[in-house]
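1. model the structure of this input:
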Amino acid sequence: MNALPLKQIIPWALVLGGFTAVVFPAWAAPPTGLTPSFQSPYVIPAASKDGRSHWPLGGQTQYLADPTGKLTLEEVRHPSRGVLWQTNNADTLNLGGEKNTVHWFRWNLRPSEGAGTLLLDTGTVWMAQAQVYLLDGDRVMKTQHTGMDVPRNRRAYPDDRAVFPLELPPGKPLQVYLRVQSVFALLLIPRLVDPTTLHGDLTLRAMTSGAYMGLIGVMLVYNLILGLFLRDRKYWWYVGYSLAFGICGSVMSGAGHGVLLTHPGPAQSQGLGWVLVVSGFSIALLGLQFSREFFEIPQNAPRLNRWLTLWQVLGVLGLAASAGLGLGVGLFATDMFLLPTQLLIFGVAVWFWLQKARAARYFVIAQVPELLGVVVVVLAYVGQLPPNTLTLRGLEWGSALEIILFSLALADRYTLIRQEKEAALQSALTHESLAVKRLQENKELRRVNLMAEKAREKAESATALKDKFVSLVAHDMRSPFSSILVFAQTLEESQDPPLPPHQRELAAGILTRGRQVVLMVDELLTLNRLQTGKITPEVMPFSPRMMVDEVFLLKHLADEKGIRLENRVADGLVWHGDQRLLYQVIQNLVTNAIKFCRPGDTVTVFSPDDQTLSVRDTGVGIEPAFLPNLFNPEVKTTTPGTTGEPGTGMGLPLCHEIIAVHKGRLWVEPNPGGGSVFSFTLPPTPTT
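-> Numbering: from 1, shown residues only. Reported below is the predicted structural model:
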């Protein structure tokens, strides 16, 4: 690739910089609106009366900033003493621009009959200290404490999130005051919630955090092994980038507080803030270095490489300066460096994609979920999306998908490099072959033959490396996809709280598509093992008619479409072969026939002779253009079924390979009455 012209890069940088300058201040801006007095009491109905289990308090919240941290409860209760309260109008309360200060919040509540004991959930873990005062008129009924600086056995509720139990006497107006000393930027999603619902929410949060960290761990180990095996620096930068993302995500969500906050106190809560600063800068710096190595920017774009190096130096200097200027400056510097860097990486990848660099496609696609996750989180923080597990943790979902797709990008790039090496090797073999023809009659023939033999060994070694890599990727991709399937099924079946219909539909879609990917991986792995000789048929006698009857136990697929199944295989036939593999062949051919049949059609399995079995359907048939490559796994010939059923494109190539290892033959021909006939033969004697 030629060096990148700087004039083509500058417009991208201007666009991305403008986006950052517009979006970031809008996200960080605090809510507005002033009122000098309390609103009318917020009536809390009994859960049995309105069917609800939680009540958002964001729109009922009044707040004020206490920069000195010296205001008392008595002083903040009386506006006549110069205290000016502000009113929030959204479910979330974002004080992003005010770091490391004290804020007061208050609510005016009137519980109804049957409201009982509820929990005041602030929706955040980032409070150094928090005190709740429950007032009946001028009388303080109860005071509770929690926060990162408070030991766990002295907190109002045994969780890292700031939660306070409230015993609310029915029908009596009560005032709730909350004093918060924040660690840095403060985001509240206040609500009243019953204990059972909160327990379910915390369980779901723990499960999602576990799934996220498990996925990060699997991908780290997987790519660490690949990096050691391939001796490629790209994998090392990728592992560091993923590790920084995992640390940052666990600290932001609170999942890592139980490990890092061994002795709660101001020093450790400040330490968590510095963990965010270091991990945030590490994400930016390691991600930028990974992109430089991935696209080989020092060789392909020297001028761009100098600018990226300068940007990395500025990041290192910013991190070093933050250590001397304090946590508040460090967090602000992290925000202002991380987002532009991620957008810069995305812009560089898009540019390479536009330059027809094949390796950039997965890289660009991998960046999209993370950027969408940032947008979802920002919209949830400013109240444009409902704040829930899906939206508030959008960055985690996006980064998890990004890490998986980055792994695929590395695999794709390795495949591209291998293909280039194989092409070069093939070219070398061609030249060597010509040399052999010219030197056949001279004394150099033996030396040339020796060179050709070495070249053949190199080609076989490259092919073995490819097969080993395909097997390793196909086998190890099952673990992260299994984690995604478990999480998607948990979301789909979640009833406490139940997901909205459109979110449940999204979870079901993830589950369906994930199962299709796992099926494709299984078929790819079986095909690879057959081709490399790792699977040898276990030849045993069996009845083909009985095997077809076993396949027809799956007739619910045909019943759902109104398709008739007929078994006309002759009784008494005995074949020899691997029953497990041949069952897979018959099952694939029958399900494929059902896939392309319409209601009222028929699928018939019969034996034209003692060594042949055929599957005939009266469906829509096969496009003639697909017939030459129908059994070629490298050519995509799969199409949706008559009701839109998807396919992996690996079933027929797998059947062809299974019949081939049995020394048989598989072919297809059109059915005179419409549809297709797939047939295969086996040798008349047992294969060995």
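2. neighbours around residue 403, how many?
-> 25 (other Cβ atoms under 10 Å). Quick note: C-beta positions are derived from backbone N, CA and C, even for glycine.
3. isn't it up against residue 219?
-> Yes - contact criterion Cβ atoms under 8 Å: residue 403 and residue 219 qualify, at 5.2 Å.
4. give the residues shared as contacts by the two.
-> By Cβ atoms under 8 Å, 6 or more residues apart in numbering, residue 403 and residue 219 have these common neighbours: residue 242.
5. quickly note the distance from residue 335 to residue 215.
-> Noted for residue 335: a distance of 26 Å to residue 215, by Cβ to Cβ, to the nearest Å.
6. which of the two has more neighbours?
-> Neighbour tally, residue 335 and residue 215, criterion other Cβ under 10 Å: the higher count belongs to residue 215, 24 against 17.
7. isn't the more buried one up against residue 402?
-> No - Residue 215 is not in contact with residue 402 according to Cβ under 8 Å; the separation is 11.1 Å.
8. for the stretch 551-688 of the chain, which residues score under the pLDDT cut-off?
-> 685-688 (pLDDT under 70).
9. quick one, helices of it?
-> Taking DSSP state H, counting those that start in this stretch as the test, the helices found in the stretch 551-688 of the chain are 556-561, 579-595, 651-661.
10. buried set for the second one?
-> Think helix 579-595. 579, 581-595 (16 or more other Cβ atoms under 10 Å).
11. do the same with stretch 424-434
-> 425, 429, 432.
12. ok, now stretch 233-248?
-> By neighbour count on 16+ other Cβ under 10 Å, the buried set for stretch 233-248 is 234-248.
13. and which of those is nearest to residue 126?
-> residue 248 (13.8 Å; Cβ to Cβ).
14. bridged to residue 179, which residues?
-> residue 104, residue 131 (DSSP bridges).
15. quick check: it touching residue 128?
-> No - counting by Cβ under 8 Å, residue 128 is not a contact partner of residue 179; they are 11.3 Å apart.
16. which strands and helices sit next to the helix or strand containing residue 290?
-> Using DSSP states H and E, residue 290 sits in helix 266-294. Applying 3 or more Cβ pairs under 8 Å, 6 or more residues apart in numbering; DSSP states H and E, we find helix 266-294 packed against helix 233-253, helix 257-260, helix 302-325, helix 327-354, helix 394-438.
17. can you tell which of the ones you listed is closest to residue 548?
-> Nearest of these (Cβ to Cβ): helix 394-438, 38.8 Å.
18. OK, contacts around residue 453?
-> Per Cβ under 8 Å, 6+ apart, neighbours of residue 453: none.
19. oops, could you answer that again for residue 451 instead?
-> Listed by Cβ under 8 Å, 6+ apart, the contact set of residue 451 reads residue 432.
20. residue 298 too?
-> Shown in contact with residue 298 (Cβ under 8 Å, 6+ apart): 292, 305.
21. can you tell me the closest non-neighbouring residue to the most centrally placed residue in the chain?
-> Nearest to the centroid of the C-alpha atoms of the chain, with distances taken as Cα atoms, centre = their mean, sits residue 401, at 2.7 Å. In this structure, residue 401 finds its nearest non-sequential neighbour in residue 369, 3.9 Å apart by Cβ to Cβ, 6 or more residues apart in numbering.
22. wait, doesn't the one you found sit right on residue 398?
-> Yes - shown here, residue 369 and residue 398 form a contact pair, counting by Cβ under 8 Å, at 4.1 Å.
23. sorry, back to before: now the helix holding residue 290: mean pLDDT?
-> Computed over helix 266-294, the mean pLDDT rounds to 80.
24. which parts of that helix are buried?
-> Using 16+ other Cβ under 10 Å as the test for burial, helix 266-294 gives 268-270, 272-273, 275-294.
25. any buried residues in whatever helix or strand comes next after it, and which?
-> Going down the chain from helix 266-294, the next helix or strand is helix 297-300, by DSSP H and E. By 16+ other Cβ under 10 Å, the buried positions in helix 297-300 come out as 297, 300.
26. centre of the chain versus helix 297-300, how much separation?
-> Offset of helix 297-300 from its chain centre (Cα atoms, centre = their mean, to the nearest Å): 30 Å.
27. how close does residue 361 sit to residue 349?
-> Where residue 349 is concerned, residue 361 sits at a distance of 9 Å (Cβ to Cβ).
28. of these two, which one has the most company?
-> Shown here are residue 361 and residue 349; by other Cβ under 10 Å, residue 349 has more neighbours (24 against 14).
29. for that one, give me its contacts.
-> Residue 349 neighbours (Cβ under 8 Å, 6+ apart): 291, 295, 360, 363-364, 367.
30. tally of neighbours for the closest residue to residue 569 other than its chain neighbours?
-> Distances taken as Cβ to Cβ, 6+ apart put residue 545 closest to residue 569, at 4.1 Å, once the chain neighbours are dropped. A count of nearby residues for residue 545, using other Cβ under 10 Å, gives 17.
31. tell me who's in contact with residue 545.
-> The contact partners of residue 545, taken as Cβ under 8 Å, 6+ apart, are 567, 569-571, 573.
32. from the residues you listed, which land in strands?
-> residue 567 (DSSP state E).
33. pull out the buried residues from the contacts of residue 545.
-> Buried subset of the contacts of residue 545 (neighbour count, 16+ other Cβ under 10 Å): 569, 573.
34. need the contacts of residue 545 in CSV (columns: distance to residue 74).
-> Output for these, formatted as CSV (distance: Cβ to Cβ, whole Å):
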residue, distance to residue 74
567, 88
569, 91
570, 97
571, 96
573, 96
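35. which one of the contacts of residue 545 is nearest residue 630?
-> Using Cβ to Cβ, these come closest to residue 630 at residue 569, 23.6 Å.
36. dump the residue contacts of that closest one.
-> So residue 569 contacts 544-545, 548, 605-607, 613 (Cβ under 8 Å, 6+ apart).
37. do the same with residue 281
-> Residue 281 neighbours (Cβ under 8 Å, 6+ apart): 315, 318-319, 334, 337-338.
38. now rank those residues by neighbours and give me the top one.
-> Compared across the contacts of residue 281, residue 334 has the highest neighbour count, 24 neighbours, by other Cβ under 10 Å.
39. surely that one touches residue 276?
-> Yes - Residue 334 is within contact range of residue 276, at 6.9 Å (criterion: Cβ under 8 Å).
40. got the contacts of residue 569 as CSV, with distance to residue 562 columns?
-> Conversion of the contacts of residue 569 to CSV gives the following (distance: Cβ to Cβ, whole Å):
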residue, distance to residue 562
544, 27
545, 25
548, 21
605, 19
606, 21
607, 26
613, 25
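41. pull up the gap between residue 506 and residue 231, please.
-> Here residue 506 is placed at a distance of 41 Å from residue 231 (Cβ to Cβ).
42. of the two, which one has the most company?
-> More crowded of residue 506 and residue 231, by other Cβ under 10 Å: residue 506, with 16 against 9.
43. can you tell me the element that one falls in?
-> Secondary structure (DSSP H and E) places residue 506 in helix 501-531.
44. tell me the contacts of residue 270?
-> Contacts here follow Cβ under 8 Å, 6+ apart; on that basis residue 270 touches 183, 327.
45. could you shift the numbering so residue one becomes 804, and keep it that way?
-> New numbering, starting at 804: the last item is residue 1073.
46. for the stretch 904-1053 of the chain, just list every one of the helices.
-> In chain order, the stretch 904-1053 of the chain shows helices spanning 998-1033, 1036-1056, with DSSP H, counting those that start in this stretch as the criterion.
47. what's the closest of these to residue 1340?
-> Taking the helices of the stretch 904-1053 of the chain one by one with Cβ to Cβ, helix 998-1033 is closest: 30.7 Å.
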